[in-house]
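[1] sequence? don't have it. structure:
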């Protein structure tokens, strides 16, 4: 995004908004093909029934535990959503639209967007939740515009889905080795270090009177976190698979956050508030960091996305793009993926942030990494600013309107070795040094 002379581009890579439950992982021709695209509709090139079924199967595998499954880990009944598993809720759509309205006001105030500006390009992954999230964001960011939600010609979309990215084949053993190296080959020791955080989370689930829960309290649920086996392996799908008591927290914690943010009631529960949930999520953040923010994982899964985003910024600055930019030179480009899209990209680029209500580096519902391109008025040089933007848990639960006085949380993220802002040539060199394989020439 530019401010002052030479307004340019914002590239927002976002996670999806509150669904029923679940998580996900975050082609040539993004922004190039216009076949069968009707303004104001979802825009796809031909996608075969087989592609659709495959995408649906992958989405189903990513869904979090059901209320019945979650209830086995907790003493109280789990809240129920009113939509199918993995779908965006009505409240979730409202929250994303509110966030889109805040973005619109912000970038109008900065001079990037005009009052009725429709110069925003939307790209979404092939799931109901990511498509609906992009649509909801468009309703707030570009109201009154016939916003088209673009998608790849086939599912899965290589912008989001490994091993379909075109830069390099997926090497799961190498990813697993990198993860293992981060724990010195001893996942059990890593898990033991998470015990204080896991005990805090377990105390919330079991509604214990003190931390840690007593042996008696731990027998009052059907399944205990401590019973989860500890293992690192390659699964049947050829992807790294890690299990441990602390890693088991992930699906449960995400469902807890989604239910709270969506405004659902927790009858019979105590301690269900943003502060308590935030403290209980520390162990979840550690697991997300290990699984998705290990640099080798990001290198293999997110290099293609990183290059496309870099090319989009280069085009906005009038520089030679080293890859195919996303969109058609719109002022803002929105990429709607899953939370893993964000955390793996962040792991690749070494981008760190901490929000009040979440663990370090966690992707919040509806939150996103924002890459802003600015042009310095004095020199005309282009610089990149990276931000993470997300609504707080109570902002979501209580539908608190967003404004300049009550904004979402915004975290400035320095680019490693470059700072904030980072000159575009140095940002370019940094990205090229991280991706796999380095582009030729």
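    Received, thanks. A quick note: this is a predicted structure, and the numbers were derived from the prediction, not measured. Residues are numbered from 1 along each chain as shown.
[2] need the helices for the stretch 201-350 of the chain, in chain order.
    For the stretch 201-350 of the chain, applying DSSP state H, counting those that start in this stretch gives helices covering 215-218, 249-261, 274-280, 282-292, 295-316, 339-349.
[3] rebuild those helices as JSON lines, extending it with mean neighbour count, distance to residue 404 and mean pLDDT.
    Heads up, the C-betas are built off the backbone N, CA and C, glycines and all. Below are the helices of the stretch 201-350 of the chain laid out as JSON lines (neighbours: other C-beta atoms under 10 Å; distance: least, C-beta to C-beta, whole Å; pLDDT from 0 to 100):
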{"stretch": "helix 215-218", "mean neighbour count": "12", "distance to residue 404": "46", "mean pLDDT": "93"}
{"stretch": "helix 249-261", "mean neighbour count": "24", "distance to residue 404": "23", "mean pLDDT": "91"}
{"stretch": "helix 274-280", "mean neighbour count": "17", "distance to residue 404": "22", "mean pLDDT": "91"}
{"stretch": "helix 282-292", "mean neighbour count": "23", "distance to residue 404": "29", "mean pLDDT": "93"}
{"stretch": "helix 295-316", "mean neighbour count": "24", "distance to residue 404": "25", "mean pLDDT": "95"}
{"stretch": "helix 339-349", "mean neighbour count": "26", "distance to residue 404": "25", "mean pLDDT": "96"}
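[4] export these to TSV and tack on distance to residue 179?
    Listed next are the helices of the stretch 201-350 of the chain as TSV, based on distance: least, C-beta to C-beta, whole Å:
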stretch	distance to residue 179
helix 215-218	29
helix 249-261	14
helix 274-280	24
helix 282-292	6
helix 295-316	7
helix 339-349	11
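[5] of all the ones you listed, which lies closest to residue 427?
    Nearest of the helices of the stretch 201-350 of the chain to residue 427, taken as C-beta to C-beta: helix 295-316 at 7.6 Å.
[6] for that closest one, packing partners?
    Judged by 3 or more C-beta pairs under 8 Å, 6 or more residues apart in numbering; DSSP states H and E, the packing partners of helix 295-316 are strand 10-14, helix 172-182, strand 332-336, helix 339-349, strand 368-375, helix 424-434.
[7] residue 386: which element?
    Assigned by DSSP states H and E, residue 386 belongs to strand 382-390.
[8] ditto for residue 410
    Taking DSSP H and E as the criterion, residue 410 maps to strand 409-413.
[9] so, low pLDDT: which residues of the stretch 151-300 of the chain?
    For the stretch 151-300 of the chain, the stretches flagged by pLDDT under 70 are 162-168.
[10] could you redo the last one with a cut-off of 80?
    The model of the stretch 151-300 of the chain has pLDDT under 80 over residues 162-169.
[11] map the structural domains onto the sequence of this structure.
    Following automatic domain parsing, one gets these domains for the chain: 10-166+294-434, 172-292.
[12] how far off centre is stretch 291-298?
    Mean-position distance between stretch 291-298 and its chain equals 14 Å (C-alpha atoms, centre = their mean, to the nearest Å).
[13] returning to that earlier point: beyond the strand holding residue 386, next helix or strand please.
    As assigned by DSSP H and E, the chain's next helix or strand after strand 382-390 is helix 393-397.
[14] which residues of the stretch 1-150 of the chain score low on pLDDT?
    By pLDDT under 80, the low-scoring segments of the stretch 1-150 of the chain are 1-69.
[15] now the helices: where do they sit in it?
    49-62, 67-71, 90-109, 128-141.
[16] what's the closest of those helices to residue 272?
    Proximity to residue 272 (C-beta to C-beta) singles out helix 67-71 among these, at 13.9 Å.
[17] who touches that closest one?
    Under the contact criterion C-beta atoms under 8 Å, 6 or more residues apart in numbering, helix 67-71 has outside partners 77, 78, 79, 80, 222, 252, 255.
[18] for the first one, the count of nearby residues, please.
    This points to residue 77. Residue 77: 14 surrounding residues under other C-beta atoms under 10 Å.
[19] just give me the neighbour total for the residue nearest to it when sequence neighbours are not counted.
    Take residue 77 and drop its neighbours on the chain: the residue closest to it by C-beta to C-beta, 6 or more residues apart in numbering is residue 71, 6.1 Å away. In terms of burial, residue 71 registers 16 neighbours under the definition other C-beta under 10 Å.
[20] next one: residue 228
    Applying other C-beta under 10 Å, we find 16 residues neighbouring residue 228.
[21] same question for the one 3 residues further on.
    Here the number of neighbours of residue 231 (other C-beta under 10 Å) works out to 12.
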